[in-house]
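Student: the sequence and its predicted three-dimensional model are supplied below.
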Number of protein chains: 2
Amino acid sequence: MPETDFAATLTVAASRVQARLDAALADGADVPVVQAMRYAVSGGKRLRGFLVLEGAAIFGVAPAAAVSAAAAVEALHAYSLVHDDLPCMDDDDLRRGQPTVHVKWDEATAVLAGDALQTLAFELLCDPALGTADTRMVLVRGLAVASGAKGMVLGQALDIAAESAATPLTLNQITALQAGKTGALITWSACAGAVVAGADPEPLKRYGDCLGLAFQIWDDVLDVTGDVAKTGKAVGKDADAGKATFVSLLGLDAAKARARSLVDEAERHLAPYGAKGQTLIDAARFVIARDN
Amino acid sequence: MPETDFAATLTVAASRVQARLDAALADGADVPVVQAMRYAVSGGKRLRGFLVLEGAAIFGVAPAAAVSAAAAVEALHAYSLVHDDLPCMDDDDLRRGQPTVHVKWDEATAVLAGDALQTLAFELLCDPALGTADTRMVLVRGLAVASGAKGMVLGQALDIAAESAATPLTLNQITALQAGKTGALITWSACAGAVVAGADPEPLKRYGDCLGLAFQIWDDVLDVTGDVAKTGKAVGKDADAGKATFVSLLGLDAAKARARSLVDEAERHLAPYGAKGQTLIDAARFVIARDN
């Protein structure tokens, strides 16, 4: 599929996810916390929501039947960004080229908006359109495990600890950190469509694990080679902070090669789905071609 | 039931809830975020968890079958306290007589520990011991609605907005604020046992609504009449801040009378359960007898 077609598919998915989030946040438009939640879920690539919808499409599940799971993971991801940007965390003023929530409102609103976005994620997974209660419980439990103290939050905590550590992280440590911080949610997203379809999610789990690591390696590459105008966030922060990254540990060329090798592996895991897996293959290639 | 018997029942329930939370947080004891989570869920009256277990007992549901829901609401409540105590929110150094999480660790750890406690709440509701997937979905959806941007977080946001408002809140406004901030979780707790039992939760919902409001009025009473050594937190803060409270709006005696009247009404809603409702009646009376 040419790159422009993939970009169009990504845009269509993003629109579907945005519409579901807009509907979920339609009430309370006069409440600053709700305004901040709507702001926080606007824009971005929506890669996680896209993975949910395209994973579902492999099994013939219509977008309407999977979109609440796609919106859920985007709400969860948005909460993590809002809290990660706080002054006591990464202290970022810019996100997707716009002022971060605590800059545009205040810290209290950012804490509460993030909190309520997490809650919203679990509420969205209650949507009966996603399937039986058993199916939805698998999604709820999976998202909780992926995002909690053994998943995403653990990764964030390790990341913060690394900043004040006496010695930089090793490659194994940074791989474990990223598996939690970004990998677990990406893998959940890749699997969710199969769960909704009642199919075996194992091949998509392996695809997601490779994709998540490739994604993070490429983020480190962009932190070195990127352009603030394109990434929409500060670049060079990790290098300036003396933090270990895949680039600092492997070197730029080897980091790129590793990301490409992971994308090749991700592609192989999709072989069982034949042509139906093509959009997810394109997604994996997109991850290491993107400049933001 | 004499007061000492009720206190003993409350203590037994608290132990059961603590054991469930300890089991859920048994791993990761070397991770500061997990240590902070364990700290945050230690101590306290466990009124919400108690309501879950005693609501379940009315219908003959054993504690082991309901305890994950009791632990879930205590984890959710603990997250809200950790975030509420942050410098950008209420800025409290003391909670249950101990340093708050951001004082004992740091702000980043407090943000992350609160985040992961919310996640843990939803993970606990996935416990198959609570019943069928349909039953658990009712619990998940109810907890999400009670704690999100239309429930607890909305109440917290209104509370913060009230601090900088030009005019103090009216009685209707403060009642709505508290229905979100503390009422929604208490009502969920009162209903959860009936949900686990597959019974109609409506009488317990009405009981919970009365109890929650009585609880908050009594908190305002204690803010005026309380003793920091007993409440384990700063007192007189609301009055000092010029915030409207039930006491400032009604006067101390009328506020106490209103709380007592609500407890009487709560008791009437339990009439259908006869003697089986006695412990929850004692709980309502306890709420307006407590000094912490």
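Tutor: Structure received. For clarity, every value in this text was computed on a predicted model and none was experimentally measured. Numbers count the residues shown, from 1 in each chain, chains lettered A, B, ... in the order given.
Student: for the strand or helix carrying A:Thr175, which outside residues touch it?
Tutor: Assigned by DSSP states H and E, A:Thr175 belongs to helix A:171-178. If you take C-beta atoms under 8 Å, 6 or more residues apart in numbering or on different chains as the criterion, helix A:171-178 is touched by A:155, A:158-159, A:162, A:169, A:212-213, A:216, A:244-246, A:249-250. C-beta coordinates here come from the backbone N, C-alpha and C atoms, glycine included.
Student: buried ones from these, can you make that a ChimeraX selection?
Tutor: Buried subset of those, written as a ChimeraX selection, criterion 16 or more other C-beta atoms under 10 Å in any protein chain shown:
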select /A:155,158,159,162,169,212,213,216,244,245,246,249,250
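Student: can stretch A:136-148 be said to contact chain B?
Tutor: Yes. If you take C-beta under 8 Å from any C-beta of the partner chain as the test, stretch A:136-148 does meet chain B, through A:136-137, A:140-141, A:143-145, A:147-148.
Student: of those, which belong to helices?
Tutor: Members of the residues of stretch A:136-148 next to chain B lying in helices (criterion: DSSP state H): A:136-137, A:140-141, A:143-145, A:147.
Student: follow-up on the earlier one: so which of the residues of stretch A:136-148 next to chain B is the most crowded?
Tutor: Most neighbours among those, by other C-beta atoms under 10 Å in any protein chain shown: A:Ser147, with 31 neighbours.
Student: just checking, that one touches A:His77?
Tutor: No. Between A:Ser147 and A:His77 there is no contact under C-beta atoms under 8 Å: 9.1 Å.
Student: list residues touching both of those two?
Tutor: What both A:Ser147 and A:His77 touch, as defined by C-beta under 8 Å, 6+ apart, is the set A:Leu185.
Student: and of the ones in helices among the residues of stretch A:136-148 next to chain B, the nearest to A:Ala283?
Tutor: A:Leu143 (20.0 Å; C-beta to C-beta).
Student: hang on, the closest one packs against A:Glu74?
Tutor: No. The pair A:Leu143 / A:Glu74 is not scored as a contact, 11.8 Å apart, by C-beta under 8 Å.
Student: what score does A:Asp238 have for pLDDT?
Tutor: In this model, A:Asp238 is scored at 60, pLDDT.
Student: ok, A:Lys230 next?
Tutor: In this model, A:Lys230 carries a pLDDT of 60.
Student: what of A:Ser80?
Tutor: 97.
Student: for it, grab the count of nearby residues.
Tutor: Neighbours around A:Ser80, by other C-beta under 10 Å: 23.
Student: which residues does it contact?
Tutor: A:Ser80 touches A:114, A:147, A:152, A:156, A:185, counting by C-beta under 8 Å, 6+ apart.
Student: okay, and it sits in which element?
Tutor: Counting by DSSP H and E, A:Ser80 is part of helix A:63-84.
Student: pretty sure A:Asp5 is in a helix, no?
Tutor: Yes. Looking at A:Asp5 with DSSP: H, G, I helix; E, B strand; the rest coil, it is inside a helix.
Student: mind checking which of the contacts of A:Ser80 land in helices?
Tutor: Short answer: the contacts of A:Ser80 in helices (DSSP H) are A:114, A:147, A:152, A:156, A:185.
Student: for the stretch 101-250 of chain A, what lies in contact range of chain B?
Tutor: Looking at chain B, the residues of the stretch 101-250 of chain A close enough under C-beta under 8 Å from any C-beta are A:106-109, A:111-112, A:114-116, A:118-120, A:122-123, A:125-126, A:132-134, A:136-137, A:140-141, A:143-145, A:147-150, A:153-154, A:156-157, A:160-161.
Student: just the strands from chain A, written as ranges.
Tutor: For chain A, applying DSSP state E gives strands covering A:94-95, A:98-99.
Student: tell me the most buried of those strands?
Tutor: For the strands of chain A, average neighbour numbers computed from mean count of other C-beta atoms under 10 Å in any protein chain shown are highest in strand A:94-95, which has a mean of 19.
Student: how about low-confidence regions in chain A?
Tutor: A:1-4, A:227-242, A:292 (pLDDT under 70).
Student: residues touching the residue most central in space within it, list them.
Tutor: In chain A, the centroid-proximal residue (C-alpha atoms, centre = their mean) is A:Arg48; its distance is 4.9 Å. By C-beta under 8 Å, 6+ apart, the residues touching A:Arg48 are A:70, A:73-74, A:77, A:185-186, A:189.
Student: what does A:Ala19 give?
Tutor: Applying C-beta under 8 Å, 6+ apart, we find A:Ala19 in contact with A:Val67.
Student: how near is it to A:Thr119?
Tutor: A:Ala19 is 20 Å from A:Thr119, where distance means C-beta to C-beta, to the nearest Å.
Student: surely A:Leu47 meets A:Ala283?
Tutor: Yes. Applying C-beta under 8 Å, one finds A:Leu47 in contact with A:Ala283, separated by 7.2 Å.
Student: please enumerate the shared neighbours of these two.
Tutor: Common contacts of A:Leu47 and A:Ala283 (C-beta under 8 Å, 6+ apart): A:Leu10.
Student: residue contacts, the closest residue to A:Val224 other than its chain neighbours?
Tutor: Excluding its sequence neighbours, the residue lying closest to A:Val224 (C-beta to C-beta, 6 or more residues apart in numbering or on different chains) is A:Val247, at 5.3 Å. Residues near A:Val247 by C-beta under 8 Å, 6+ apart: A:220-221, A:223-224, A:239, A:255.
Student: ok, and the most crowded of these?
Tutor: Most crowded among the contacts of A:Val247, counting by other C-beta under 10 Å, is A:Asp220 at 25 neighbours.
Student: which non-adjacent residue is nearest that one?
Tutor: A:Thr245 is the one closest to A:Asp220 (C-beta to C-beta, 6+ apart), at 4.1 Å.
Student: check A:Ala133 too.
Tutor: B:Ala133 (3.6 Å).
Student: ok, that neighbour - contacts?
Tutor: A:132-134, A:136-137.
Student: try it again at 6 Å.
Tutor: By C-beta atoms under 6 Å, 6 or more residues apart in numbering or on different chains, B:Ala133 lies in contact with A:133-134, A:137.
Student: same check, this time on A:Asp220
Tutor: So A:Asp220 contacts A:245-247 (C-beta under 6 Å, 6+ apart).
Student: now A:Ile160: how far from A:Gly151?
Tutor: In terms of C-beta to C-beta, A:Ile160 sits 15 Å off from A:Gly151.
Student: mind checking how far stretch A:168-187 is from the chain centre?
Tutor: 13 Å (C-alpha atoms, centre = their mean, to the nearest Å).
Student: now do the buried residues in it.
Tutor: So, applying 16+ other C-beta under 10 Å, buried residues of stretch A:168-187: A:169, A:173-187.
Student: surely A:Phe59 meets A:Ala199?
Tutor: Yes. If you go by C-beta atoms under 6 Å, A:Phe59 and A:Ala199 touch, sitting 5.1 Å apart.
Student: now flag whichever of the contacts of A:Arg48 is closest to chain B.
Tutor: A:Leu185 (11.8 Å; C-beta to the nearest C-beta).
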